[in-house]
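J.: Attaching a predicted model along with its sequence, questions to come.
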There are 2 protein chains.
Amino acid sequence: MKFTEAQQEFIQLWGNFGSQWGINKTMAQIHALLLTSEHALSTDDIMETLEISRGGVNTNIRELIVWNLVYKTGKPGDRKEFFVAEKDIWEVAKRITRERQRREIEPLMHHLNRLKNVDEADRQSLDFVKTVTDIERLVGKMNKASETIMKMEENAFFGSIIRLLK
Amino acid sequence: MKFTEAQQEFIQLWGNFGSQWGINKTMAQIHALLLTSEHALSTDDIMETLEISRGGVNTNIRELIVWNLVYKTGKPGDRKEFFVAEKDIWEVAKRITRERQRREIEPLMHHLNRLKNVDEADRQSLDFVKTVTDIERLVGKMNKASETIMKMEENAFFGSIIRLLK
DNA sequence: CATTACTTTCAATAATTATTGAAAGTTTTA
DNA sequence: TAAAACTTTCAATAATTATTGAAAGTAATG
């Protein structure tokens, strides 16, 4: 299999999985393209490769920058902006986790916590509070687990450095 | 805060988070309703409470049954079907994990694995294969971690039984 | 076996979400 | 400072996804 062919498939794959997980398909595709591009790309490069409008590229790139997955670069002798993606997958995962934490998990936890203030004492209400509490615990654990995985990988990295130094 | 009010909010909350995570909003709402209902509900009960059509209730309930989150019951002297949700949140999480594993993670892993067959040996291709391999590893770890959490909870449960028996 | 009481399907439609592209805005250059 | 080279915005539109509701299907009843 040739690289360009594999890259095209990867872009499609990433786009589809992105939208399955509530992430804009185009954003995911741009991310996939940059993730597998050796050099920084310009807006026009991305427009051409993915066949999307200038506006689309701009909006989605800017969102990727907010997520801290992509950053701008310049090229000497060229006025336009070029874009590069963070390539270390564990770093990518960490940043996605961080952003989802901030945008989704925290508000969810806050709302759930509020719902525990049911002041009736019948079976129904007590069960309800238990359910909500259990969900809170579950979400909390899931969240901590993903953080732990990222940290583990960090330690694995430093661990291998330390081994090299021995 | 009164139970019914809290339940309404919970249904909305669950629906919104569901759609953020690629799950049909109505399906998530029906699930939330059943999860916090003391008794089994009929199609008409759900239609009335959530103000959705008969077709909508039917389709989404059937999907919840496929996910193994809801099952049918009968009531003596009544011809219609009634529906109940699995109430144990850890069991719920286990079943959702299982289903997503089957529907999303496995196909993703399969596709990624195929993409490692890039046969060129230039920098670009080697980097690409590394990226894909890293993603595979990451997804694998995330997946194993969620399984582990569910098992831990199972052990916590049996552990407390054992402690009770001592 | 025909009537009633339900459940299921799915074409039509509504609601939502994504995308375009041209105009406005900004920065650089000469 | 005016023109050129680019970036950003956002109203209009396209594409996708969800929802309805009525007709067809199925099973129980008398």
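T.: Received, thanks. Numbers count the residues shown, from 1 in each chain, chains lettered A, B, ... in the order given.

J.: give me the element the spatially most central residue of chain A is part of.
T.: Compute the mean C-alpha point of chain A, and by CA atoms, centre = their mean the closest residue is A:I96, 2.9 Å away. Assessed by DSSP states H and E, A:I96 sits inside helix A:89-100.

J.: next SSE after that helix?
T.: Assigned by DSSP H and E, the successor of helix A:89-100 is helix A:106-115.

J.: Which elements pack onto that following helix?
T.: If you count contacts as 3 or more CB pairs under 8 Å, 6 or more residues apart in numbering or on different chains; DSSP states H and E, helix A:106-115 packs onto helix A:123-165, helix B:3-20. Any C-beta I mention is one placed from the backbone N, CA and C, and that applies to glycine too.

J.: Tell me which other helices or strands the longest one touches.
T.: Counting contacts by 3+ CB pairs under 8 Å, 6+ apart, helix A:123-165 packs against helix A:89-100, helix A:106-115, helix B:3-20, helix B:89-100, helix B:123-165.

J.: ok, now the shortest one?
T.: Applying 3+ CB pairs under 8 Å, 6+ apart, one finds that helix B:3-20 contacts helix A:106-115, helix A:123-165, helix B:25-35.

J.: got the angle for that helix vs helix A:89-100?
T.: Using axes from the mean of the first three to the mean of the last three CA atoms, to 10 degrees, the direction of helix B:3-20 lies 150 degrees away from that of helix A:89-100.

J.: Buried residues of helix B:3-20, list them for me.
T.: For helix B:3-20, burial by neighbour count (16 or more other CB atoms under 10 Å in any protein chain shown) applies to B:3, B:6-8, B:10-11, B:13-20.

J.: State the pair within these that is farthest apart.
T.: B:F3 and B:Q20 (25.6 Å; CB to CB).

J.: Can the strand ranked longest in chain A be said to contact DNA strand C?
T.: Taking DSSP state E as the criterion, chain A has its longest strand at strand A:78-85. Yes. Interface with DNA strand C: strand A:78-85 contributes A:R79 (CB under 7 Å from any atom of the strand).

J.: That strand pairs with which strands, and in what direction?
T.: Sheet pairing here is set by DSSP bridges, and for strand A:78-85 it gives strand A:41-42 (antiparallel), strand A:70-75 (antiparallel).

J.: Can you say which of those is nearest to A:K151?
T.: strand A:70-75 (23.7 Å).

J.: Could you list the buried residues of that closest one?
T.: A:V70.

J.: now it, how far from the centre of its chain.
T.: Centroid separation for strand A:70-75 versus its chain: 19 Å, with CA atoms, centre = their mean, to the nearest Å.

J.: sorry, back to before: check what pLDDT the residue nearest to the centre of chain A gets.
T.: Note on A:I96: pLDDT of 95.

J.: do the same with the one 10 residues further on
T.: Taken from the predicted model, the pLDDT recorded for A:E106 is 96.

J.: before we move on, what about A:A156?
T.: Looking at A:A156, the pLDDT reads 72.

J.: now A:G22
T.: So, for A:G22, pLDDT stands at 88.

J.: where does it land in three-state SS?
T.: With DSSP: H, G, I helix; E, B strand; the rest coil as the basis, A:G22 sits in coil.

J.: from what I can see it touches B:F17, true?
T.: No. If you go by CB atoms under 8 Å, A:G22 and B:F17 don't touch, sitting 9.7 Å apart.
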